[in-house]
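Colleague: please find the sequence and the predicted model below.
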Amino acid sequence: MPVILANANLLDVDAGQIVGERHIVIENDRIKEVSETPVKSGGEIIDLKGRTLMPGLIDAHVHITAFTADLSTLPYQSPFYVAARTADIMGEMLDRGFTTVRDVGGGEFGMARAQAEGFVRGPRIVYGGKALSPTAGHGDMRKPAQDASDNGYAVPSLGRVCNGVTEVRAAARDEVRRGASHIKIMANGGIASPTDRIDSDQFSEEEIAAIVDEAHMANLYVVAHAYTARSVERAVRNGVRSIEHGNLLDGKTVAYMKEKGAYLVPTLATYRGLKDEGVKAGLPAELASKIDKVLDAGINAVEMAYRAGVPMAYGTDLLGDMHYRQLTEFELRSAVVPAADLLRSATVVGAELIRRENELGRVAPDYLADMIAFPGNPLEDIRYMGRLGEELALIVQDGRIVRNSL
């Protein structure tokens, strides 16, 4: 039986404007019709009474298993405990309006299957499995005195260690075997890892090229954690499609990204969160000093990328108790990016990045029925999105009504 969303004030994310009253017919998991006139059809009618309706949000940089900011402790947790904490994190993401997330380290086939089959409430998971990292890289969470590492999937962690062309090819193939939609690499130092520096390049260019080759053979793409202009340039030159963070970019490298068609996924929310409450959330105090190297530079990178026309998707990268900040990325970017483009980053651009632009990110016929409805107008003041979790009247995912407070 179809479901009709009547009297919706449709926010057209492509046009960047509210186009007026529309009536949406949902059949099974798809949008069958978007009409300017009331629809005379049998089925359940949900009257939105003029509330704003837009596509469900897409967060293109999450770690669903990161229930703590001390990532070095994850491998020592029971996988059952991590799964329980992950399910809680996912449910809260859905209640903020995120109907799809791209996990770039830690999320895997089991949780994605549980969500798809309805056993876990949360956004659909587009996952890459464990991120690939060299020894002493951003995915190597061992303390200096530790020797052994366990890359097995029975051990919860965001990354796996591999070195040399032969090992990185094997690791990439293993993630492909497990159903990855993309391959994540650590191409630069990071904050949460104990033995690297923010400005250290990671993986040789031969290793990066080999991983990209494996991904391309499987019709996938490579995602790279990178801050510095040098690390970003190395990654893009060797075929990486999606740059995560990019806080320390320069104008020349931004232009190179535009030339090569690379995407940028800034994650300003996590640096603000880590600065404000990272240690309280579990980040080891000795790593907190790294935050200042990237915190204030992030908005400059966003402005350069926006002016150059580099496509930017919405991402947050939050850890531990800071997941509640997921909607703050809108306001953090708003000083340099207009509201309409920010909404596009979390819908159509995110859908393009994950290569599902023909079924996600729009309210249009034949698209998956992922939609959210609320009383305000974020085009007038993007700060409204920060309150979305409390304001949402309706969440539709895969054609199912998963929240209805009308």
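Modeller: Received it, and whenever you're ready, just let me know what you need.

Colleague: name the nearest residue to the residue nearest the centre of the chain, sequence neighbours excluded.
Modeller: Centroid check for the chain by Cα atoms, centre = their mean gives A60 as the closest residue, at 2.0 Å. Nearest residue to A60 in three dimensions, chain neighbours excluded: A313, at 4.0 Å (Cβ to Cβ, 6 or more residues apart in numbering). C-betas here are computed from N, CA, C, even on glycine.

Colleague: for the chain, which segments count as helices?
Modeller: 79-95, 109-116, 164-177, 205-217, 229-237, 251-260, 268-277, 297-308, 329-333, 339-345, 348-353, 388-391 (DSSP state H).

Colleague: quickly, which of these bottoms out on average pLDDT?
Modeller: Ranked on mean pLDDT, the bottom entry among the helices of the chain is helix 268-277, at a mean of 91.

Colleague: tilt between that helix and helix 297-308?
Modeller: 170 degrees (axes from the mean of the first three to the mean of the last three Cα atoms, to 10 degrees).

Colleague: quick one: helix 268-277 to chain centroid distance?
Modeller: Here helix 268-277 is found 16 Å from its chain centre; the criterion is Cα atoms, centre = their mean, to the nearest Å.

Colleague: show me what it is packed against.
Modeller: On a contact count with 3 or more Cβ pairs under 8 Å, 6 or more residues apart in numbering; DSSP states H and E, helix 268-277 meets helix 297-308, helix 329-333.

Colleague: quick one, domains of this protein?
Modeller: 3-56+361-404, 61-353 (automatic domain parsing).

Colleague: now do the residue nearest to the centre of the chain, the pLDDT please.
Modeller: A60 is given a pLDDT of 98.

Colleague: tell me how far it lies from M385.
Modeller: 16 Å (Cβ to Cβ, to the nearest Å).

Colleague: can you check V82 too?
Modeller: V82 is 29 Å from M385, by Cβ to Cβ.

Colleague: tell me where the stretch 1-150 of the chain has strands.
Modeller: 3-12, 17-27, 30-35, 44-47, 52-55, 57-62, 98-103, 124-127, 131-133 (DSSP state E, counting those that start in this stretch).

Colleague: so where's the stretch 1-150 of the chain uncertain?
Modeller: Counting by pLDDT under 70, the ranges of the stretch 1-150 of the chain that qualify are 147-150.

Colleague: hmm, 90 instead?
Modeller: 1, 38-43, 70, 72, 75, 136, 139-150 (pLDDT under 90).

Colleague: one step back: R113: which of the helices and strands packed on helix 268-277 is closest?
Modeller: Closest to R113 of those, according to Cβ to Cβ: helix 329-333, at 28.0 Å.

Colleague: what's next to that closest one, contact-wise?
Modeller: 266-269, 272, 299, 302, 314-316, 342, 345-346, 378, 382-383, 385-386 (Cβ atoms under 8 Å, 6 or more residues apart in numbering).

Colleague: next: stretch 20-39.
Modeller: 2-10, 41, 43, 50, 53, 363-369, 371, 396, 398-400.

Colleague: rerun that using 7 Å as the cut-off
Modeller: Residues from elsewhere that reach stretch 20-39, judged by Cβ atoms under 7 Å, 6 or more residues apart in numbering: 2-10, 41, 363-369, 398-399.

Colleague: related to what we said a few turns ago, and the residue nearest to A60, how far is that from A170?
Modeller: In terms of Cβ to Cβ, A313 sits 29 Å off from A170.

Colleague: please apply the same query to D250.
Modeller: D250 is 35 Å from A170, by Cβ to Cβ.

Colleague: who has more neighbours, the two?
Modeller: Using other Cβ atoms under 10 Å, the more surrounded residue of D250 and A170 is D250, with 16 against 12.

Colleague: now the more buried one, nearest residue through space, not along the chain?
Modeller: A229 (4.3 Å).

Colleague: burial count for the one you found?
Modeller: 18.

Colleague: these two touch, right, it and L248?
Modeller: Yes. A229 lies in contact with L248 (Cβ atoms under 7 Å); the separation is 6.3 Å.

Colleague: residues contacting R102?
Modeller: So, once contact is read as Cβ under 7 Å, 6+ apart, R102 ends up touching 60-62, 126, 354.

Colleague: do you know how far it is from L158?
Modeller: With Cβ to Cβ as the criterion, R102 and L158 are 14 Å apart.

Colleague: repeat that for R362.
Modeller: With Cβ to Cβ as the criterion, R362 and L158 are 31 Å apart.

Colleague: who has more neighbours, those two?
Modeller: Between R362 and L158, counted using other Cβ under 10 Å, L158 has the larger neighbour count: 26 against 23.

Colleague: and the closest residue to the more buried one other than its chain neighbours, how far from A66?
Modeller: Setting aside the residues directly before and after it, L158 is nearest to G105 in space (Cβ to Cβ, 6+ apart), at 3.8 Å. Separation of G105 from A66 (Cβ to Cβ): 8 Å.
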